[in-house]
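J.: No letters, just coordinates:
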């Protein structure tokens, strides 16, 4: 009886010890710290970090007669008030029913001035500057750099005049002209260039004049 009791006590003691060992193992495992790796994301670039490329400036043909002056010259544009206009018959011969003359703008002021672009040109008549027919078309294939005109100096433009006789009277409505009304580039006031022996077409459907850029 004592032997049985002793065996039972030993067995209980062993089971108790084993249980305690198991608990101790679990406790050791749970208490082991887990290594944690922290990853910090790189900050997104701000607008100041990126490079901004400005669009390239493009050059396009002008739609008017010009500005009268070029940027950075430091010289004022010529005005109608300090210019005179004349026609010179030295621009070369004619071709296919056309003649070519030079339109000459002279600086009659006391200081240099600049011109850039195409002058506006049209026939005028009736002795009072009444415009006849269409104004001159611009020959945009010609150079039109800024021209500096000294006092008493000149700038010239080639004016092509198609002969009115190339058209029927019904289409042209031929009319005697006294000369040309001229608008210097960038100006709203006109000046007069006299020329005799001109026949214009009063019809708006016929274009007789083409003018080049000033040089």
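T.: Yep, that arrived. As the structure is a prediction and not an experimental result, all values here were calculated from the model.
J.: Tell me where the model's unsure across this structure.
T.: For the chain, the stretches with pLDDT under 70 are 1-73, 91-95.
J.: Would you map the strands across it?
T.: Per DSSP state E, the chain has strands spanning 83-88, 98-107, 113-115, 120-125, 130-132, 137-138, 147-149, 154-162, 174-183, 191-201, 209-211. These are given in chain order.
J.: Please name whichever of those is nearest to residue 77.
T.: strand 113-115 (5.6 Å; CB to CB). To be clear about C-beta, it is placed using only N, CA and C from the backbone, and glycine gets the same treatment.
J.: Could you single out the most deeply buried of the strands of the chain?
T.: Ranked by mean neighbour count, the strands of the chain are led by strand 113-115 with a mean of 25 (mean count of other CB atoms under 10 Å).
J.: so what does that strand touch, helix or strand wise?
T.: strand 147-149 (3 or more CB pairs under 8 Å, 6 or more residues apart in numbering; DSSP states H and E).
J.: Quick check: can you name the pairing partners of the strand it packs on and their directions?
T.: Strand 147-149 pairs in its sheet with strand 113-115 (antiparallel), by DSSP bridges.
J.: picking that back up, select, out of the strands of the chain, the one closest to residue 76.
T.: So among the strands of the chain, strand 113-115 is nearest, using CB to CB, at 5.6 Å.
J.: is it true that residue 127 touches residue 178?
T.: Yes: with contact defined as CB atoms under 8 Å, residue 127 reaches residue 178; the gap is 6.3 Å.
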